[in-house]
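> What shape does this take:
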Amino acid sequence: GLLLILLPLYLTITIAFKTPQEMAGNLLSLPKSWSFDNFTQAIEMTNFFSALGNTVFVTFFVVIFTVLTNSLVAYAIARNMHKKFYKLLFYYFVSAMFIPFPIIMLPLVKQTSAWGMDNLVGLIILYVVFNLSFNTFIYVGYIRSIPKELEEAAVIDGASTWGVFWKVIFPLLAPMNATVAIITCLGAWNDFMLPLVLLSDRDMATLPLVQYIFQSQFSTDYNLAFASYLMALAPMIIVYIFPQKW
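Numbers count the residues shown, from 1 in each chain. Below you'll find the model as predicted:
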């Protein structure tokens, strides 16, 4: 299992530093000279730092808004599941997990274009909405395991509904918030399809979108491509390593 993870990562690193001539030899061998020329060319070809800024902007706000809004929705549903409306609402949200994106792709592009949402802000809004179904499913299950007596004690002490959520429930959701944040971060950072069909301005391109520049009808410049891939995945490796305690 470890080899299945480390081998592709090893190949990504070594190919990124190799020259095209070295690619003709042993694929598993180390580069003869560790040159950063591939990275420099990849940065120029993809306008890397502009795409990086767009991706960081989108990912940051998607994570923040997803955690805040989706936890609120899930709390309202979890504490009112005995009411028919909220139970139907829960199943309505969860059912969205079973709708493949290609089915709604074309109507979505037409609608967002008509509303002027074919930009980074529109992309953020759509990610938050699309994450709602899965996040509601896992948040509700976790919130229902939290004793209601904690909320009742807070109410007796004079806390409002908002106060109960932010001062009692939200801190207790820390493990689930971290889980949702990591999953959302990885999803928003790596997503290719939605930015491809939604964003019309090349200056708004995200990192997965600019990686496509290395693909052509006849060949792929693997050395430059893997250098670009390595720069794009490095931040996510860091994100994956540091929140391990959650």
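> going forward, measure contacts and count neighbours with C-alpha atoms only.
Will do.
> shaky segments in the chain?
Applying pLDDT under 70 to the chain picks out residues 216-219, 246.
> Let me see the ranges of the helices in it.
Secondary structure of the chain by DSSP state H: the helices cover 2-17, 37-46, 48-78, 84-95, 101-114, 120-143, 148-156, 161-164, 170-172, 174-190, 193-198, 207-210, 222-241.
> who wins for proximity to L30 among those?
Closest to L30 of the helices of the chain, according to Cα to Cα: helix 2-17, at 6.0 Å.
> what residues does that closest one touch?
23, 27-31, 33-36, 38-39, 222-230 (Cα atoms under 8 Å, 6 or more residues apart in numbering).
> re the thing from before, among the helices of the chain, show me which one is buried the most.
For those, the largest average neighbour count (mean count of other Cα atoms under 10 Å) is found in helix 207-210, namely a mean of 23.
> How far off centre is it?
Mean C-alpha position of helix 207-210 versus that of the full chain (Cα atoms, centre = their mean, to the nearest Å) differs by 13 Å.
> Quick one: list the elements packing against it.
helix 48-78, helix 174-190 (3 or more Cα pairs under 8 Å, 6 or more residues apart in numbering; DSSP states H and E).
> Please report how far the most far-flung residue of the chain relative to its centre lies from V164.
Here the chain reaches farthest from its C-alpha mean at I156, the gap being 39.6 Å by Cα atoms, centre = their mean. Distance, I156 to V164, using Cα to Cα, to the nearest Å: 11 Å.
> repeat for V73
Applying Cα to Cα, the value for V73 to V164 is 14 Å.
> same check, this time on F65
F65 sits 20 Å away from V164, going by Cα to Cα.
> what's the answer for V67, then?
17 Å.
> can you check F226 too?
Relative to V164, and taking Cα to Cα, F226 is found at 49 Å.
> residue contacts, M105?
Residues counted as contacts of M105 (Cα under 8 Å, 6+ apart) are V197.
> what sits against the residue nearest to A96 when sequence neighbours are not counted?
Closest residue in space to A96, ignoring its immediate chain neighbours: S133 at 6.0 Å, by Cα to Cα, 6 or more residues apart in numbering. Shown in contact with S133 (Cα under 8 Å, 6+ apart): F93, V94, S95, A96, M97.
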